[in-house]
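Novice: Provided below for reference: sequence and predicted model.
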Amino acid sequence: QVQLVESGGGLVQAGGSLRLSCAASGRTFSNYVMGWFRQAPGKEREFVAAIRWSGSTYYTNSVKDRFTISRDKAKNTLYLQMNSLKYEDTAVYYCAAGRALRVGDQSLYEYWGQGTQVTVSS
């Protein structure tokens with residue numbers, strides 16, 4: 001059974017940092033894209049960042065230079081380092097895995113975690 005389990009969310013003041021983790025189990029994700037998405041209250045879920053097996057990374061414009069995505073292949077774990085957090089980063093953050101040619105297309109991701117809440121106070 002494939003599972004993606006996020007952790008590391010919480011409450012932080014604006015300007016602070018958090019590191020999200022996503023532990024994958026049940027299979028290895030060789031040649032899979034792994035990504036982070038988020039859904040704020042009352043909004044659609046949106047792409048945040050993704051990383052290919054090759055190491056290529058992609059970010060939505062609003063988080064560039066503040067967030068860093070990485071993966072530990074040996075541990076089958078995905079990370080999202082979030083710095084200089086803003087109130088508008090408040091959302092439930094989901095990790096996902098898939099053979100996504102278009103990294104921002106949610107429909108191309110096969111596996112999803114349950115989400116972790118990130119709340120940034122202003």
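Specialist: Received it, and whenever you're ready, just let me know what you need.
Novice: please tell me how far the residue sitting nearest the centre point of the chain sits from residue 57.
Specialist: Geometric centre of the chain, nearest residue: residue 36, 2.2 Å, by Cα atoms, centre = their mean. Distance, residue 36 to residue 57, using Cβ to Cβ, to the nearest Å: 11 Å. For every residue, glycine as well, the C-beta is placed using N, CA and C.
Novice: between these two, what contacts are shared?
Specialist: Shared contacts of residue 36 and residue 57 (Cβ atoms under 8 Å, 6 or more residues apart in numbering): 49, 50, 69.
Novice: pretty sure the second one sits against residue 60.
Specialist: No: between residue 50 and residue 60 no contact is recorded; they are 9.6 Å apart, counting by Cβ atoms under 8 Å.
Novice: more crowded one of these two?
Specialist: residue 50 (25 against 16; other Cβ atoms under 10 Å).
Novice: quick check: buried residues in the one helix or strand that one maps to?
Specialist: With elements taken from DSSP states H and E, the one containing residue 50 is strand 46-51. Across strand 46-51, burial judged by 16 or more other Cβ atoms under 10 Å covers 47, 48, 49, 50, 51.
Novice: now do the contacts for the spatially closest residue to the third one that is not a sequence neighbour.
Specialist: This points to residue 49. Spatially, and ignoring its direct neighbours in sequence, residue 49 is nearest to residue 69 (4.1 Å; Cβ to Cβ, 6 or more residues apart in numbering). Contacts for residue 69 (Cβ under 8 Å, 6+ apart) come out as 35, 36, 49, 50, 51, 57, 59, 78, 79, 80, 81.
Novice: thinking again about what came up before, shared neighbours of residue 50 and residue 60, which are they?
Specialist: Residues touching both residue 50 and residue 60 (Cβ under 8 Å, 6+ apart): residue 104.
Novice: alright, that wraps it up for me.
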